[in-house]
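Novice: Could you work out the structure for the sequence below:
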Amino acid sequence: MIHNPMNTLTTSCTKARYPAVLALLIQLCSLFMVLTLAKQTSITLSLLEWGSLQGFLAGILSLLLRQPVWWIPIHLFFSPLLLLALTLDISPSWYLLAFSVLLLIYGKTFRTRVPLYLSSRDVNIELTKLLPRDTTFSFVDLGSGCGGLLKNLANSHKNGRFHGIETAPLPFLISYLRNRAFGSPLTLTWGDFWQHDFSDYDIVYAYLSPVPMETLWQKVSEEMRPGSLFISNTFIIPGVQPYKSIKLNDFSNSTLFIWKI
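Specialist: Here you go, the predicted structure:
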């Protein structure tokens, strides 16, 4: 029986735990295909044309392996843009700077699979309506970003105790400095919300991604108190009907999904 390295790579791709690892394996698999084609045929192409073919094959593999659709253009253009960048004789320092800035902004997105999303003004308005006015309550924002939403809610609801958790360094620093400058009545934590106990909060708000929602619901169900609320911006919990949903007319057509524990 002939062992096919492409099958091995494809199998590894489907079992990869993190999307960045899956993307890397797709790139390697498509590169192997292009190198094999170049070696075993008499096709004559320029380096950029070979790179474009590799990107096309990577995009096809990404589609077949059912990666999120936004990965496809990344695979399509990664190799051609890399080859073009090499022809521009750009100093390696600029690449290091760009990587460092992205790391500061997005933190551990490669592991958490939760990009940086910023809640819209319409979300702020609807949450302001939803939060109680006459009773004290506690509110936590999972992935609080630059802290704009928390700042506005804390200033409009003096009867609430607000807490934000953010893992990306630069957004957390911005929210921290903003909180210090304006003296908003809230607390901030730089870290992983998976390590926090949700039983301390009456309302948990999340604007994450589809990936962690099922696992997050398990944590919410186990830790949140009866009568408390879990609110998710845009992303649903598979197989669990929300108690209420509010469709918004903002730039990303958001929907607030609300579950009563």
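
Novice: Every contact and neighbour count from this point should use C-alpha atoms.
Specialist: Will do.

Novice: Find the helix or strand that Gly164 is a member of.
Specialist: Assessed by DSSP states H and E, Gly164 sits inside strand 160-166.

Novice: what about that strand, average pLDDT?
Specialist: Averaging pLDDT along strand 160-166 yields 94.

Novice: other SSEs contacting it?
Specialist: For strand 160-166, the elements it packs on are strand 137-142, helix 148-156, strand 186-190, judged by 3 or more Cα pairs under 8 Å, 6 or more residues apart in numbering; DSSP states H and E.

Novice: wait, which of those is closest to Leu248?
Specialist: Leu248 sits nearest to helix 148-156 of all the helices and strands packed on strand 160-166, at 15.9 Å, using Cα to Cα.

Novice: Let me know the angle separating that closest one from strand 186-190.
Specialist: Comparing the axes of helix 148-156 and strand 186-190 via axes from the mean of the first three to the mean of the last three Cα atoms, to 10 degrees yields an angle of 160 degrees.

Novice: Mind jotting down where the helices sit in the stretch 151-261 of the chain?
Specialist: Here the stretch 151-261 of the chain has its helices, by DSSP state H, counting those that start in this stretch, at 169-182, 213-223.

Novice: Just say which of the ones you listed is most tucked in.
Specialist: helix 169-182 (a mean of 17; mean count of other Cα atoms under 10 Å).

Novice: and that one, what does it pack onto?
Specialist: Helix 169-182 sits against helix 92-106, strand 186-190, with contacts defined as 3+ Cα pairs under 8 Å, 6+ apart.

Novice: from the helices and strands packed on strand 160-166, which stretch is densest packed?
Specialist: It is strand 137-142: most buried of those by mean count of other Cα under 10 Å, with a mean of 21.

Novice: What angle do strand 186-190 and it make with each other?
Specialist: 30 degrees.

Novice: Sheet partners, orientation included, of strand 137-142?
Specialist: Strand 137-142 has the following strand partners under DSSP bridges: strand 160-166 (parallel), strand 203-206 (parallel).

Novice: and the helices and strands packed on helix 169-182, which one is worst for confidence?
Specialist: Looking at the helices and strands packed on helix 169-182, the bottom one is helix 92-106 with a mean of 63.

Novice: related to what we said a few turns ago, quick one: the helices and strands packed on strand 160-166 as CSV, columns for distance to Ile236 too.
Specialist: As requested, those are exported to CSV (distance: least, Cα to Cα, whole Å):
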stretch, distance to Ile236
strand 137-142, 15
helix 148-156, 20
strand 186-190, 25
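
Novice: do you know which of those lies nearest Leu118?
Specialist: Per Cα to Cα, nearest to Leu118 of the helices and strands packed on strand 160-166: helix 148-156, 8.5 Å.

Novice: quick one, that closest one and helix 169-182 angle?
Specialist: Per the same axes, to 10 degrees, the angle that helix 148-156 makes with helix 169-182 is 20 degrees.

Novice: starting at the chain centroid, how far to helix 148-156?
Specialist: Offset of helix 148-156 from its chain centre (Cα atoms, centre = their mean, to the nearest Å): 23 Å.

Novice: Which segments of the protein make up each domain?
Specialist: Taking automatic domain parsing as the reference, the chain has its domains at 5-89, 121-260.

Novice: mind checking how far Val69 is from Leu24?
Specialist: Plainly put, Val69 is 16 Å away from Leu24 if you go by Cα to Cα, to the nearest Å.

Novice: Settle this for me: Pro226 is touching Trp259, isn't it.
Specialist: No - between Pro226 and Trp259 there is no contact under Cα atoms under 8 Å: 11.1 Å.

Novice: For these two, work out which one has more neighbours and name it.
Specialist: More crowded of Pro226 and Trp259, by other Cα atoms under 10 Å: Trp259, with 19 against 11.

Novice: Tell me where the model's unsure across this protein.
Specialist: Filtered on pLDDT under 70, the chain yields the residue ranges 1-20, 68, 92, 94-117.
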